[in-house]
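1. quick one: sequence and predicted model below, then my questions.
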Amino acid sequence: MNRSICKGFFLCTLGFTLFSGGKVCLAENTNDFRALYDEELKKGLREIQQQYEEARSQVQNVAEEINVQEHYNSFIHEAMVVQDNYCAKLDDRIQVMLSRQGEILTEVQEGFYGNILSLQALDSEYKSNVEVVNGLLDERNQYGMLSTVEIDYDKLAQLTSEADRLFLAYEESIDAVELGDVKGVQYPLGEASEIRSKYGVRLDPMNPVTTRFHAGVDLKAAEGTQVLSIFNGTVSEAGWGPIGGYYVRVDHGDGIGSYYCHLQKLLCKKGQEVKQYDVIALSGNTGSRTTGPHLHFALYIDGVSVDPAVLLENKE
């Protein structure tokens, strides 16, 4: 991996972090809903997300480290050029001085029996030059060997490859239909509603001496109260039945469905696409199995009913 690739990756990673606040930010979907009712699924999704976020954090840390190392090496390269140029000038001056010292020695040898004053002048110049040369050498020796750091691009490539692998696994785990707000979902009546009859086995309100399984919850609601689709989806049924009266079924995708009955009026039709909290009906008191105005609300996963209270009371 070369420098431009490294920097490009680093900027991309940093941009994603700034965009997402350092966390993976994705819309809640059918997996988030299923996880409310499946602890193993919830645990698995959290583990996959945690592994991916840790891998992405490692890649970002190494990319940042390499970015610092590249800037350091760039600075060192520039310093090397300046130092080499200056040392070359010092070397030239030293060489000139050494050449002059050689000339002085030659002159002394040739004029050894000559004028004493000339010899004294040459001796003085020689000694002076020795001090200058030593000073230049001391200055030259102050400049040590500069070296760059070795950058481990292979490490970044390996971590990036692992993060990519985990991202694919994470992407598969979140490859589900977007529902809207799951963890902070509203009640299908638009506000918190009293549950008049819970999910599960209960006394049959139409025959109190027997029990009957109640596949949803009954929410207190005056006739004419707006009924909202709990999630995004498509209306799979909207009609009349002798037991539930006017009713609506919404298919939310990936096997998730919701059911609303004993309605006063339908405000949607089969095949209609609805968004979370779209008004789909008005609550009422229709059908044979009702003892007063309310909304019967049920949820299904793969055709099997689940307790709506788990969703409605799961606020984060």
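-> Everything's here; your move. Numbering: from 1, shown residues only.

2. contacts and neighbour counts: CA atoms only from here.
-> Will do.

3. how many other residues sit next to residue 301?
-> The number of residues packed around residue 301, counting by other CA atoms under 10 Å, is 17.

4. same deal with residue 267?
-> There are 14 residues near residue 267, going by other CA under 10 Å.

5. with residue 287 instead?
-> Residue 287 has 19 neighbouring residues, counting by other CA under 10 Å.

6. distance of it from residue 182?
-> Distance, residue 287 to residue 182, using CA to CA, to the nearest Å: 30 Å.

7. lowest average confidence, helix or strand, in the chain?
-> Among the helical and strand segments of the chain, the one scoring lowest on mean pLDDT, DSSP states H and E is helix 3-20, with a mean of 34.

8. now residue 250, nearest residue through space, not along the chain?
-> residue 235 (4.3 Å; CA to CA, 6 or more residues apart in numbering).

9. ugh, wrong one, residue 221
-> Nearest non-adjacent residue to residue 221 (CA to CA, 6+ apart): residue 294, at 4.7 Å.

10. what about the residue nearest to residue 250, which helix or strand?
-> strand 233-241 (DSSP states H and E).

11. for residue 111, which residues are in contact?
-> residue 119 (CA atoms under 8 Å, 6 or more residues apart in numbering).

12. residue 180: neighbour count?
-> 19.

13. so it touches residue 28, yeah?
-> Yes: Residue 180 is within contact range of residue 28, at 5.8 Å (criterion: CA atoms under 8 Å).

14. which residues of the stretch 1-150 of the chain fall in helices?
-> Assigned by DSSP state H, counting those that start in this stretch, the helices in the stretch 1-150 of the chain fall at 3-20, 30-37, 39-110, 116-141.

15. tell me who's in contact with the closest residue to residue 264 other than its chain neighbours.
-> Leaving aside its sequence neighbours, residue 264 sits nearest to residue 284 (CA to CA, 6+ apart; 4.0 Å). Contacts for residue 284 were tallied using CA under 8 Å, 6+ apart; they are 221, 222, 223, 224, 225, 262, 263, 264, 265, 293, 294, 295.

16. returning to what we had before: buried residues in the strand holding residue 235?
-> 233, 234, 235, 236, 237, 238, 239, 240 (16 or more other CA atoms under 10 Å).

17. any chance you could list what contacts it?
-> By CA under 8 Å, 6+ apart, the list of residues contacting strand 233-241 reads 179, 246-253, 266, 268-276, 287.

18. quick one: pLDDT of residue 180?
-> With respect to pLDDT, residue 180 has a value of 92.

19. just to revisit the earlier point, any idea how far the strand holding residue 235 is from the chain center?
-> Here strand 233-241 is found 39 Å from its chain centre; the criterion is CA atoms, centre = their mean, to the nearest Å.

20. same check, this time on stretch 221-229
-> That offset, for stretch 221-229, works out to 39 Å (CA atoms, centre = their mean).

21. and for it, what's in contact with it?
-> 188-190, 193, 250, 264-265, 274-285, 293-295.

22. over to it now: how far is its first residue from its last?
-> 15 Å.

23. all numbers from here: first residue = 15
-> Right, with 15 as the first residue, what we last looked at is stretch 235-243.
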